[in-house]
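> Build the 3D model from these lines:
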Amino acid sequence: MSTIDNQQFILKSRPHGAPTNENLSIETTQVPEIKQGEILLRTIYLSLDPYMRGRMSDAKSYADPVEIGDVMVGATVCQVEQTNNEEFSKGEWVLAYTGWQQYAVSNGEGLMKLGDSPATPSYALGIMGMPGFTAYMGLLDIGAPKEGETVVVAAATGPVGATVGQIAKIKGCKIVGVAGGTEKCTYAVEKLGFDACIDHNADDFAEQLSKACDKGIDVYYENVGGKVFDAVLPLLNTAARVPLCGLVSQYNATEQPQGPDRMGALMGQILTKRIRMQGFIIFDDYGHRYDEFATDMQKWLSEGKIHYREHVVTGFENTVSAFNDMLDGKNFGKTVVQVNNPL
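Residues are numbered from 1 along each chain as shown. So this is what the prediction gives:
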């Protein structure tokens with residue numbers, strides 16, 4: 001059996017600010033021959049997600065950091081290239097967690113079968129995967145939107161924000177998005193059905209947001225933080241709910257935010273307005289409810305009630321730059337790297 005070269009992004013050092021190709025460098029190894037019960041997975045699509053920045057750091061968090069010298073972690077959609085496992089056939093598609101590499105050997109544990117010819121296999125990394133699940137549970141379980149309420153979400157055209165907004169519309173809410181740039185804001189309104197979308201780059205961003213939320217904000221789905229939350233906080237209504245799934249604006253920060261200490265104001269608002277703010281880790285907290293999400297989402301997609309957009313970057317060597325572009329908001333939709341061509 002001919003040998004196969006496997007390229008891997010190895011974490012060489014912990015980033016200070018945005019990660020570079022010195023922090024994450026490509027190394028080439030040879031794929032070992034698979035043993036009885038094993039399969040060789042060929043990575044077709046690699047998901048890039050904001051949580052990965054935290055895994056590059058050694059700061060205490062909900063998950064252990066990637067160790068120096070290890071392959072960077074990440075969800076993947078793969079095809080079975082070789083098999084010595086009777087439960088898997090050559091060419092079959094699976095959802096895996098094999099990380100930033102072109103090939104991986106697996107014993108089959110932890111893989112989710114996607115079939116022999118799924119129409120859109122990469123959707124398992126987005127709308128039908130972690131981002132879609134995160135949007136669904138955070139909004140419906142913690143946000144608990146009621147018909148007629150106002151829901152605000154930042155990163156409104158990203159895989160989580162876009163899904164939050166569309167589910168909120170299905171539930172009969174007014175949905176106001178926040179995004180970077182006219183193109184994204186127009187897309188949120190015209191394609192995704194948002195009632196309004198405000199460009200956070202605008203000089204009068206806070207004033208525009210206040211005008212769009214003329215009855216205040218009942219649910220703010222937090223995934224960005226920073227100046228967006230500063231504008232949202234005074235608009236929160238009594239008994240508002242704030243599901244907290246991410247703080248993208250802070251992930252590459254190398255020091256504390258400048259300016260006045262906002263903690264006292266935040267705590268005061270939480271108290272006097274009886275605001276519910278809750279963080280969550282999707283599979284830790286809601287893994288047992290995935291089937292509930294999958295049933296609803298498949299139905300909404302088939303009915304055309306949910307639109308989904310991918311930002312596909314071709315070429316494994318472009319992974320680090322694509323990751324930084326995503327954190328900077330330069331992507332338009334769910335960021336996926338096409339690592340290899342399908343079999």
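
> is it true that Trp100 touches Asn6?
No: using Cβ atoms under 8 Å, Trp100 is not in contact with Asn6, being 11.3 Å away. (Glycine included, C-beta is placed from N, CA and C.)

> between those two, who's got more neighbours?
Neighbours of Trp100 and Asn6, each counted by other Cβ atoms under 10 Å, are more numerous for Trp100; the result is 27 against 19.

> Could you tell me what pLDDT the model assigned to that one?
For Trp100, the model assigns a pLDDT of 98.

> quick one, phi psi at Gly264?
phi -60, psi -40 (degrees, to the nearest 10).

> dump the residue contacts of it.
Neighbouring residues of Gly264 by Cβ atoms under 8 Å, 6 or more residues apart in numbering: there are none.

> so what's it scoring on pLDDT?
Reading off the model, Gly264 has pLDDT 78.

> For Tyr97, see how far away it is.
Counting by Cβ to Cβ, to the nearest Å, the gap from Gly264 to Tyr97 is 41 Å.

> which SS class is Tyr123?
helix (DSSP: H, G, I helix; E, B strand; the rest coil).

> Mind listing what's buried along stretch 216-232?
For stretch 216-232, a neighbour-count test (16 or more other Cβ atoms under 10 Å) marks 216-225, 228-232 as buried.

> average pLDDT across that stretch?
pLDDT averaged over stretch 216-232 gives 91.

> How far does that stretch stretch from one end to the other?
9 Å (Cα to Cα, to the nearest Å).

> try stretch 187-197
9 Å.

> Check which residues of that stretch are buried.
The neighbour-count check on stretch 187-197 (16+ other Cβ under 10 Å) flags 187-189, 192-197 as buried.

> In TSV: those, plus secondary structure, distance to Gly315 and pLDDT.
Shown next, in TSV, are those (DSSP: H, G, I helix; E, B strand; the rest coil; distance: Cβ to Cβ, whole Å; pLDDT from 0 to 100):
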residue	secondary structure	distance to Gly315	pLDDT
Tyr187	helix	25	95
Ala188	helix	29	96
Val189	helix	33	97
Leu192	coil	29	96
Gly193	coil	34	96
Phe194	coil	33	98
Asp195	coil	38	98
Ala196	strand	37	98
Cys197	strand	31	98
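
> Farthest pair within the residues you listed?
For those, the farthest-apart pair by Cβ to Cβ is Tyr187 and Asp195; their separation is 14.1 Å.

> Return the set of buried residues in stretch 296-307.
Within stretch 296-307, the residues scored as buried using 16+ other Cβ under 10 Å are 297, 300-301, 306.
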